[in-house]
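[1] Mind looking at a prediction? Sequence and model below.
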Amino acid sequence: MYNYKAYKIRYGGSYKVFREEKEKNRTLSLEELKRYQAERFKKLIEFAKQNSAYYQKTLCNIPNASDIQNIQNLPILDKETLRQNIESVVVQTEEKLEKSKTGGTTGKSLEVQNFAHNSQERFAFLDDFRSRFGYELRKKTAWFSGKNLLTSRDIKNNRFWKTDFIHKVRYYSTFHINEDYLKYYVEDLIKYKPQYLVGFPSTMLEIAKYGLLNGYDFPADTVKAVFPTAETITLEMRARIERFFKTKLYDQYASSEGAPFIFECKNNKLHLELQSGVFEVLDENNHPTQSGRLVVTSFTNEGTPLIRYDIGDSITLEDESVTCTCSNNNPLVKEILGRVDDYIYSPENGKINIINVANAVKDVEGVIKYQILQNKLNRIDLIIVKDENIYNTNQESKFIQNWKDRLGNKMELKIKYVDDIPVEKSGKFRMVKNNIKHLIN
């Protein structure tokens, strides 16, 4: 019923119009794509200046701010500035906004708001990408996401999934990936015979590794494609997942805040999707470069405009002389560097990936920043910077329960409150520090 209501919103309204537009625009020339991009950029800047208090203040004195040729004159918005000014960044209009909390891979959650038509366009982009490999909603799918799905009875019965029979999606828990339970995942996937796999690649990797190691033979010609989300794909992930599931993996890049999209084509080349936003690759002096940090402007987040947003990831652009024969004329990306994904290990529940770690702060108020240290197999240390005016014993209990959902009940959890958590020598903040990886297979 939850999915039915959610899908009614996602696939209602302007969704069909957006799907038709994306399909029609698949073969636009690079010049046509850039003209489309410039028009959307102008519309976004003018809308933000009129309706967002933050952008009224920061963009009002910049001449021709809505001209994409002048984009480098606009200020860069980093995550901390966005978090501190989120209320003034969100636009004020008569149209209703939907709230959505992101996980915090930098140690804190962020609540963004968006219009329903923006969400519908984002799903149209995703579905158009996946449809190129045959996917449509209601085709049999195995989904691996950060949803807390299971009851104690499910775990007792070695049932680590829930099935949406209406939409033919089976959701597998990503909180119980350990040696004792992996056989049930593998055997159920073989029995279920999904046509598509979607979700966290680190979870799919553990399942594939277990299946290969223990001689399971996944039925050939069952899975048509694998669509990873949320995490950076490594060569090991791709090779093992494709080998076990006997299919091809097609990568994508976006973010829970609503970054523009990067999609992988049938030729295994990554394309910037210029219809979804503007991509800038900048060096430490904010000058354009071939390989560097990614600063984005998204066309599908008018509720919480992301204009020159430093998302915290890095990419390397492909040389302009390299082309692709897939008919997609968007610019090419050589590599998505992303972050180096880390994890916490629970002897009871196995590896807990960075996204599930980040989502532990969802719905918990008053956590300014946090960091997880693991120096022992059976213990983690949780270091928290709290807002004294908001964080209380109820919020602490909620946070602890979120961690128990991920770790199980056997692992020791130590909490320490501090005034600040320093960044690394590189200037980056690490939310997870796992110092016992050498003890894990």
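    It's in. Keep in mind that this is a model prediction, so the values were computed, not measured.

[2] Strands of the stretch 101-250 of the chain, start to end?
    110-114, 141-145, 161-164, 169-173, 196-199, 225-228 (DSSP state E, counting those that start in this stretch).

[3] if we compare those, which one ends up closest to Arg26?
    strand 225-228 (17.4 Å; C-beta to C-beta). Bear in mind the C-beta positions are built from the backbone N, C-alpha and C, glycine included.

[4] Could I get the buried residue list for the closest one?
    Ala225, Val226, Phe227, Pro228 (16 or more other C-beta atoms under 10 Å).

[5] Which secondary structure elements does it sit against?
    If contacts are counted by 3 or more C-beta pairs under 8 Å, 6 or more residues apart in numbering; DSSP states H and E, strand 225-228 sits against strand 196-199, helix 201-213, helix 235-245.

[6] Give me the domain ranges for this protein.
    Taking automatic domain parsing as the reference, the chain has its domains at 2-127+253-336, 134-249, 343-439.

[7] Low-confidence regions, this structure specifically.
    For the chain, the stretches with pLDDT under 70 are 101-109, 338-342, 355, 423-429, 441.

[8] biggest helix in it by residues?
    Longest helix in the chain by number of residues (criterion: DSSP state H): helix 30-51.

[9] I'd like to know which elements the following helix or strand past that helix is packed against.
    Past helix 30-51, heading to the C-terminal end, the next element that is a helix or strand (DSSP states H and E) is helix 53-59. Judged by 3+ C-beta pairs under 8 Å, 6+ apart, helix 53-59 is in contact with helix 30-51, helix 86-89.

[10] now the helices: where do they sit in this structure?
    Under DSSP H, the chain gives helices at 2-10, 15-24, 30-51, 53-59, 79-84, 86-89, 116-131, 152-156, 182-192, 201-213, 235-245, 354-358, 393-407.

[11] rewinding a little: which one of the helices and strands packed on helix 53-59 lies closest to Asn353?
    Closest approach to Asn353 among the helices and strands packed on helix 53-59 is made by helix 86-89 (26.1 Å; C-beta to C-beta).

[12] Please report the distance of Leu82 from Thr304.
    8 Å (C-beta to C-beta, to the nearest Å).

[13] shared neighbours of those two, which are they?
    Taking C-beta atoms under 8 Å, 6 or more residues apart in numbering as the criterion, Leu82 and Thr304 both touch Val89.

[14] so how far is stretch 247-263 off the chain centroid?
    How far stretch 247-263 lies from its chain's middle: 8 Å, per C-alpha atoms, centre = their mean, to the nearest Å.

[15] mind checking the end-to-end distance for it?
    18 Å (C-alpha to C-alpha, to the nearest Å).

[16] still on that earlier bit, need the helices and strands packed on strand 225-228 in JSON lines (columns: distance to Val90 and mean neighbour count).
    Output for those, formatted as JSON lines (distance: least, C-beta to C-beta, whole Å; neighbours: other C-beta atoms under 10 Å):
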{"stretch": "strand 196-199", "distance to Val90": "29", "mean neighbour count": "23"}
{"stretch": "helix 201-213", "distance to Val90": "32", "mean neighbour count": "22"}
{"stretch": "helix 235-245", "distance to Val90": "36", "mean neighbour count": "17"}
